[in-house]
Each structure stands twice: as structure tokens, then as C-alpha cells.
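In: Build me a model:
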Amino acid sequence: MMTMNFYRKMVLNILTVSVGMSLFTHGSLKAQTQSELQDVQEIVAIVNDELISLYDLKQRMMLMALSGSNQRDEQYLQSQAMNGLIDDKLKLQEAEKYNALNSESELLSSFGNYAGQFNMDSETLEERLNEAGVEKESLLSQLKGVLAWNSVVGGLLEPLVNITDDEVLNYIDGLERDKGKYEYQVSEIFILTTDNAKREENVEVANIIYSQLMDEGVFSAVAQQFSQSSTATVGGDMGWIMEGEIPEDISNMLPDLEIDEITKPIDTEDGIYIIKLTNRRRILTLDENDIRVTIKEMMFDKGDASEAILNSLSEKVSPTLAKTDNCELFEENVKTLNAIDSNDVGTFSVGQFVPNLKNEFLTMEIGSGTSLFEAEKGFRSYILCAKEIPEVKLPEFETVLENLTQTRVQLIARRHLRDLRRDAIVDYR
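Out: Take a look at the predicted model:
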């Protein structure tokens, strides 16, 4: 994993300028060099009479690099940073128009949630940003745009969506009809196309993003920085979908994708998609990976780890482990079998285990133990104390209604942002 200092050097190379650390603290200016003051004062774009400075642009480029980009293409970063800043202006303007701007406390809470995605607290994230030459205010500005757009989508656009009872019931009927077919959990990065004249440029941008992902970029982090869909706030996660619920060009690819596979850019009427398949499952069909088991373990001395030791140990413990009372007599059997250690392991889905152990859990009786598995410090057997098979049932009416609503809202939100971009007066300097 790359360090923040590495990212800082990388971005400084991209920008070929020296950006001072911690130019702002709580919104107040510290001592700055003449070059830095010029960056703040130099205007690179005006969006409906609101200004974007060169300093804003450089800071957003650095934030994008911190998302995991290994790209050193200054033109690419600059283009995407500018698009993001323009979108943020439009989102904030739309939110202000409907009195939907978020409070300072909501913004700080969002900053804390963002830090949590990287297993940090707010203070640690701020320190890491400063180390990379990125101001906290720059990230807060981006998050402010995200929150404002969520308010617009939830308060203005969602009420426009009217899913009828018949649509919900038809969807549920479709689930019964399609029982056994696959549904897919997917994530997206979406590049909005507002002008067909720029479609080729957007495809090129999407190809660069795809290359970045292939170079060990983290999909969720890249989606948060580059995707122009409302799903960007959750790392591009679209949830579970069936074929036909998304554009046909994407839907047709899903059956052939491997888990965690990322598609090359897909050009559609609305824009460019990059899709990651996170998981797949059969509709209304039990997935054995979801069966949950509660287990305990016994550890036995490894000795010289020879085959003779294992055979001798297996002959000694296997008759007891084959019985179905090992959970009730666990402590007693630990002593009788001279186990060197024992534990209550807990409850897990069988899909979390290696295939041979998973298969044992699926077929063995409750109370019995697995065959012996070699571990670093000994031989281990797991005792199966409970098995929970999830009930396969149709989703509740309200759940389907919510899912259909959110799918429709995402589509409307994309088109609304596209319309805002088309109607905006953007003056590039």
C-alpha cells in the first residue's frame, strides 16, 4: 500500500508546483508564498457567476490522486478535477435554490464517516491530508457538494417518483417467475455524457480510469472521486439487480463476468459505465454459502508432524469426534482427548471457509467434529454445534417499493444533473 508521502511526491510531480502544507486552518489564511496567493487569486472558471480558482483545481487534483490513482497524466487529472468542481458548484446552487443546504454539523459528521471508510478517525484523516499537502477544507468542500446533491435528490427528485402498487406486485410476480435465475450485486463508475461532441473524450477518460483500476486502484475510492452517479457516495454500490434493470449493454455482460471482475468502459446513451461484479446469487434459491454454523475447536499436539503421528492421532480422536454429543461434552472431551487448546470460535457463514471444510460442515451432523486439519501449532478439529439454514422467501412489499424507487431516482438524478450541465453558463479562463 502506498504511503501518503509517496502520493504527495507523485502529485507534486504532476502539478510541477510546490503546494504548501496547511494553507488554511479553520478557514483562516496562514502566511503564504506569492505563488500560493496567485493560485488562490487566479480564476480558472466561472460557473453561473461563481468562481473556481487555480488553488481549488490543484487541491481537487491532489484529492483525486489520493483516491489511489497511479496516473501521472496532468491533463487527465485536470480535466476530471475541473468537471468535479463544476458539478459541485451546480449541485450546491441547486440545493441553495430549494433551501436544501446542509448544516455544519452534518458536514463534519460526513467528514467523520469518510474517515471511517479508511479505518481512521477525523483527526487522523486531517493529519494525513496535511501530510499530503491537501487542506481539510478542500475535502469538506467536496463532501458539501455530495450532501447538497443528496438533499436535492431526496427532497426534490424522489417525490417525483411514483411507483404504483401494480408495479411492485408485478415485480414480485416476476421474482416467482424467474426463480432460479441469477441476480447480481454490482458497483458502478459513471461518466456523464452531456454533449455527444465530447463523447470520444469521455470514453478516453473512462479508459484511463479503467487502467487505474487495473493498476490496483480501489474501486470504491475511485468511484467516490470520479463517478458522476448518485451512487458515488457509497463507493458506486448499486445493490442487487436483475438483468433488464440496467441498460441492455451492461445487462448482457453480467452473466459472463467473474466475481470481482471489472469491465472495460461501456458506452451508453446516457454516459460511460465501468462495472464491477461483486457477487451473484440465484433468485429465491438457497445459496449454501449463506448457511451459518456455530462451531468450537479442539487443538491437538503436532509432534513431528509426520503422517504416522497424524494417523495415530486420528485413530485416537476420530471415534469420539464422530459422535453427536461433542458440544454438550466439550470440556470433558477436551480433557479426555488431551487437547492442548480449545475455543468457542463463534458463528460464521460456511462460504467463509475453504472448500473442503465448507463441504464437511454442509454434510456433517450437529454435535460431531470435522476431520483433523493441520495448523501452524498443531492439528485442529472443528465441532459443529448449530446450523442455521436461512429461509428463502419473497421480499416484503415495502422493500421492493424502496428498491424500485431508488433505481428510478438514480436515473432521474443523472438526467437532472445532465440538464443542469447543459443549461449552465460556464466560462473557462
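
In: how about the helices in the stretch 101-250 of the chain?
Out: Assignment of helices within the stretch 101-250 of the chain using DSSP state H, counting those that start in this stretch yields the ranges 104-116, 122-131, 136-152, 165-177, 199-214, 219-226, 248-251.

In: I'd like to know which elements the fifth one is packed against.
Out: To tie it back to what came earlier, the one meant is helix 199-214. helix 74-97, strand 182-192, helix 219-226, strand 271-282 (3 or more Cβ pairs under 8 Å, 6 or more residues apart in numbering; DSSP states H and E). For the C-beta atoms, the positions are set from N, CA and C on the backbone; glycine is no exception.

In: at 6 Å instead, please
Out: strand 271-282 (3 or more Cβ pairs under 6 Å, 6 or more residues apart in numbering; DSSP states H and E).

In: Show me the contact partners of the strand it packs on.
Out: With contact meaning Cβ atoms under 6 Å, 6 or more residues apart in numbering, strand 271-282 is reached by 180, 182, 184-193, 202-203, 206, 210, 219, 250, 257, 261-263, 265-266, 287.

In: picking up where we left off before, deepest of the helices of the stretch 101-250 of the chain, which one?
Out: helix 219-226 (a mean of 22; mean count of other Cβ atoms under 10 Å).

In: next one: that helix to chain centre, how far?
Out: Helix 219-226 sits 8 Å away from the centroid of its parent chain (Cα atoms, centre = their mean, to the nearest Å).

In: could you give the angle of it to helix 199-214?
Out: On the basis of axes from the mean of the first three to the mean of the last three Cα atoms, to 10 degrees, helix 219-226 is oriented at 150 degrees to helix 199-214.

In: Looking at helix 219-226 now, give me its mean pLDDT.
Out: Helix 219-226 comes out with an average pLDDT of 86.

In: got the angle between it and strand 271-282?
Out: 150 degrees.

In: begin at 579 from here
Out: From this message on, residue numbering opens at 579, which makes the last subject helix 797-804.

In: CA atoms of helix 797-804 as CSV?
Out: Taking Å, rounded to 0.1, in the frame of the first residue of the first chain, the C-alpha atoms of helix 797-804 are listed here in CSV:
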residue,chain,number,x,y,z
PHE,A,797,-12.9,0.6,-6.9
SER,A,798,-14.9,2.3,-4.2
ALA,A,799,-12.4,5.1,-3.6
VAL,A,800,-12.1,5.8,-7.3
ALA,A,801,-15.9,5.8,-7.7
GLN,A,802,-16.2,8.3,-4.9
GLN,A,803,-13.8,10.7,-6.6
PHE,A,804,-14.7,10.2,-10.3
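
In: Identify all contacting residues around that helix.
Out: With Cβ under 6 Å, 6+ apart, helix 797-804 has contacts from 642, 645, 646, 658, 767, 787, 810, 813, 814, 854.

In: Provide the contact partners of stretch 807-823 at residue level.
Out: 724, 731, 761-768, 798, 801-802, 805, 829, 988, 991.
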